[in-house]
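1. Quick one, structure for this:
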Amino acid sequence: MTALDDNDGSCRLSFWLAMETRATTAPYCCCEYCRLIANECISTTTLAEYLEAFEGGMYALRLVTEFQTVEMTDVGNVEVPLALSSAIYGVLFEICTKLSDATIAHLLTKKIRKQVSAEISERFAKIFSDRIEEINESWQLTTRTTLQILFDFQLISAMFPGDRMRKLCEIVESHLDPFDVSLLSPLISSNVKLCYMRTQILFAPLLVDSLPTKDVQPPPSYSKVQDLVVHIQQPSRIPMIPRLDRAMSGDLKKSGRNKMNKLLANPHQQGSSKSTPTLSAFYDKISSSWFGGNN
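-> Have a look, this model is predicted:
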């Protein structure tokens with residue numbers, strides 16, 4: 001049995017003991033239940049894929065997320081992380097979902113959220129520090145993957161403040177080039193605040209303080225209208241299914257019916273014109289005769 005399992009067992013035991021004691025107040029029971037949920041959701045099992053990505057190689061592809069391209073005058077284009085990793089995002093979302101299912105998310109006072117936030121920060125720091133100690137001397141991650149890990153740790157440290165998470169951020173920075181750290185640190189900090197602002201409503205039951213929107217200056221692309229229309233550069237081999245046009249004149253309809261009758265009346269004569277009929281030729285004949293042309 002690991003130390004994390006012992007922690008889960010002690011947390012669960014303390015929760016049930018608190019529930020059985022009549023003198024225990026409701027806020028204390030609510031706080032213990034939230035701590036229990038946090039310990040169940042934040043574990044080496046739920047973060048297995050994220051921890052495995054520290055091995056590098058193909059495993060690191062699990063940390064591939066959206067990056068923002070920033071143009072700098074003296075350096076050129078640089079890329080910085082913009083979104084939280086899906087594994088950590090899913091864990092935090094699962095905690096909020098369980099609290100909402102228990103209908104206690106709206107009952108969490110600031111005092112309770114502060115204790116839950118400290119528990120979440122300590123839980124993340126414990127799991128990540130153990131993993132980093134295993135591979136600290138054989139760190140083989142690329143710069144892009146290391147930047148994503150640094151972004152995740154800084155965002156967790158901003159949402160759930162704690163000394164151990166801040167120390168982990170410094171350890172990850174030590175595996176980056178000092179020039180890259182000095183160049184990208186302001187950009188990463190800005191994107192951390194931006195991601196905090198985007199997700200603070202979703203993770204509101206877990207956050208002690210909200211980040212005012214006036215403190216964050218989003219990039220112009222953040223408020224830009226996104227064009228979701230699919231643009232086809234090359235036409236498809238088979239055109240779209242033709243449709244009947246209500247505005248089509250009667251002459252075109254009549255000529256279409258005549259062509260259809262000729263096709264049905266003389267199938268052998270139509271087939272003798274080509275020695276090797278193809279599916280595309282048959283489709284063109286059917287679409288032009290039955291539907292009055294490709295409209």
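2. For stretch 134-148, buried residues please.
-> Residues 141, 145, 146, 147, 148 are the ones in stretch 134-148 that count as buried (16 or more other CB atoms under 10 Å). Backbone N, C-alpha and C define where each C-beta goes, glycine included.
3. swap that for stretch 43-52, please
-> Buried residues in stretch 43-52, counted by 16+ other CB under 10 Å: 43, 46, 47, 50, 51.
4. Report the contact partners of the fourth one.
-> Which is residue 50. By CB atoms under 8 Å, 6 or more residues apart in numbering, the contact set of residue 50 is 62, 63, 85, 87, 88.
5. so which strand or helix has it?
-> Element membership for residue 50 (DSSP states H and E) is helix 48-52.
6. Could I get the average pLDDT for that helix?
-> The predicted model assigns helix 48-52 a mean pLDDT of 91.
7. Each with direction, which strands does the helix or strand following that helix pair with?
-> The C-terminal neighbour of helix 48-52 among helices and strands, as given by DSSP H and E, is strand 67-72. Strand 67-72 has its sheet partners listed here by DSSP bridges as strand 76-81 (antiparallel).
8. Show me what counts as buried in the helix or strand following the strand it pairs with.
-> Heading C-terminal from strand 76-81, the first helix or strand you meet, by DSSP H and E, is helix 86-101. By neighbour count on 16+ other CB under 10 Å, the buried set for helix 86-101 is 87, 88, 89, 90, 91, 92, 95, 96, 98, 99.
9. pretty sure the fifth one contacts residue 44?
-> Okay, so that is residue 91. No - using CB atoms under 8 Å, residue 91 is not in contact with residue 44, being 11.5 Å away.
10. okay, now the domains of this structure?
-> Here the domain parsing of the chain from automatic domain parsing is 3-216, 232-295.
11. Using PDB, write down the CA coordinates of stretch 145-162.
-> The C-alpha coordinates for stretch 145-162 follow below in PDB (Å, rounded to 0.1, in the frame of the first residue of the first chain):
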ATOM      1  CA  THR A 145       6.800  19.600 -24.200                       C
ATOM      2  CA  THR A 146       8.700  21.200 -21.300                       C
ATOM      3  CA  LEU A 147       7.000  24.500 -22.000                       C
ATOM      4  CA  GLN A 148       3.600  22.800 -21.800                       C
ATOM      5  CA  ILE A 149       4.400  21.200 -18.500                       C
ATOM      6  CA  LEU A 150       5.700  24.600 -17.200                       C
ATOM      7  CA  PHE A 151       2.400  26.200 -18.300                       C
ATOM      8  CA  ASP A 152       0.300  23.500 -16.600                       C
ATOM      9  CA  PHE A 153       2.300  23.800 -13.300                       C
ATOM     10  CA  GLN A 154       2.100  27.600 -13.400                       C
ATOM     11  CA  LEU A 155      -1.700  27.500 -14.000                       C
ATOM     12  CA  ILE A 156      -2.200  25.000 -11.100                       C
ATOM     13  CA  SER A 157      -0.100  27.300  -8.900                       C
ATOM     14  CA  ALA A 158      -2.200  30.300  -9.900                       C
ATOM     15  CA  MET A 159      -5.500  28.500  -9.300                       C
ATOM     16  CA  PHE A 160      -4.500  26.700  -6.200                       C
ATOM     17  CA  PRO A 161      -1.600  28.600  -4.600                       C
ATOM     18  CA  GLY A 162       1.000  26.500  -2.800                       C
END
